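Visitor: Let's see this in three dimensions:
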Amino acid sequence: MNKYKLLKQVVMALERDYQNAIAAAERAHQSATDKENVAENKYDTLGLEAAYLAEGQSRRVMACEEELRSFQQLLESSGNDEEVDEIGVGSLVKLEDEIGAVKYLLIGRLAGGLKVKYGDHNLGQEVMVITPSSPLGKALMGLGLGDQVDIGTATDKKSYQVAACY
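Guide: Numbering: from 1, shown residues only. Here you go, the predicted model:
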């Protein structure tokens with residue numbers, strides 16, 4: 001798996017999210033400032049609700065912008081695809097369980113939960129972005145090739161081995 005190409009796909013996905021957030025914020029702002037939403041009495045809260053929505057959408061735009069910048073920086077600093085000794089922010093991790101099932105994770109400072117398909121959209125490998133503050137991210141930070149990590153709850157744990165780390 002080419003880490004640079006994967007990071008480019010993540011940046012493209014985040015750019016789409018950012019553009020969608022801008023469009024939603026613009027629509028919310030138009031709604032909040034529309035003459036139709038001026039309160040007719042003290043119980044008419046449509047304008048106030050529209051203003052709250054516009055504020056929330058503006059905050060989402062700022063969050064998307066920060067996520068995008070974070071991954072653009074990772075992309076710029078991404079060098080070769082050589083394996084690294086220790087998992088950290090920017091690492092692409094391949095985990096393998098005891099029956100050979102594989103999971104790919106990308107450790108990012110932000111945008112946890114984002115999933116991208118690497119390669120062919122129908123047959124490609126799914127890669128999930130996780131953050132160092134997530135439970136799995138905390139468990140993986142500092143581990144290296146061959147180390148084991150347990151994922152799950154106290155009653156339902158699954159063990160994975162770090163099969164590769166770039």
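Visitor: Could you report the separation of residue 45 from residue 25?
Guide: Residue 45 sits 21 Å away from residue 25, going by Cβ to Cβ, to the nearest Å. Any C-beta I mention is one placed from the backbone N, CA and C, and that applies to glycine too.
Visitor: neighbour-wise, which of the two wins?
Guide: Applying other Cβ atoms under 10 Å to residue 45 and residue 25 shows that residue 25 carries more neighbours, namely 21 against 12.
Visitor: Which secondary structure state does the more buried one sit in?
Guide: helix (DSSP: H, G, I helix; E, B strand; the rest coil).
Visitor: Now do the contacts for it.
Guide: 54, 57, 58, 60, 61 (Cβ atoms under 8 Å, 6 or more residues apart in numbering).
Visitor: ok, now with 10 Å
Guide: 53, 54, 55, 56, 57, 58, 59, 60, 61, 62, 64 (Cβ atoms under 10 Å, 6 or more residues apart in numbering).
Visitor: Compare those and tell me which has the most neighbours.
Guide: Among the contacts of residue 25, residue 64 has the most neighbours (other Cβ under 10 Å), with 22 neighbours.
Visitor: gap between that residue and residue 164?
Guide: Counting by Cβ to Cβ - residue 64 and residue 164 are separated by 30 Å.
Visitor: same question, residue 55
Guide: Counting by Cβ to Cβ - residue 55 and residue 164 are separated by 43 Å.
Visitor: what residues are up against residue 89?
Guide: Counting by Cβ under 10 Å, 6+ apart, residue 89 touches 70, 74, 106, 107, 108, 109, 110, 131, 132, 137, 141.
Visitor: now residue 148
Guide: 95, 159, 160, 161, 162.
Visitor: before we move on, what about residue 119?
Guide: 1, 2, 5, 6, 9, 125, 127.
Visitor: could you list every residue that touches the second one?
Guide: Read it as residue 2. Each residue near residue 2 by Cβ under 10 Å, 6+ apart is listed here: 8, 78, 81, 92, 118, 119, 166.
Visitor: Ramachandran angles for residue 31?
Guide: With angles defined as degrees, to the nearest 10, residue 31 sits at phi -70, psi -40.
Visitor: burial of it, as a residue count?
Guide: Neighbours of residue 31 under the rule other Cβ under 10 Å: 18.
Visitor: Just confirm it contacts residue 48, I think it does.
Guide: No: here residue 31 lies out of contact with residue 48, judged by Cβ atoms under 10 Å, at a distance of 11.7 Å.
Visitor: All set, thanks.
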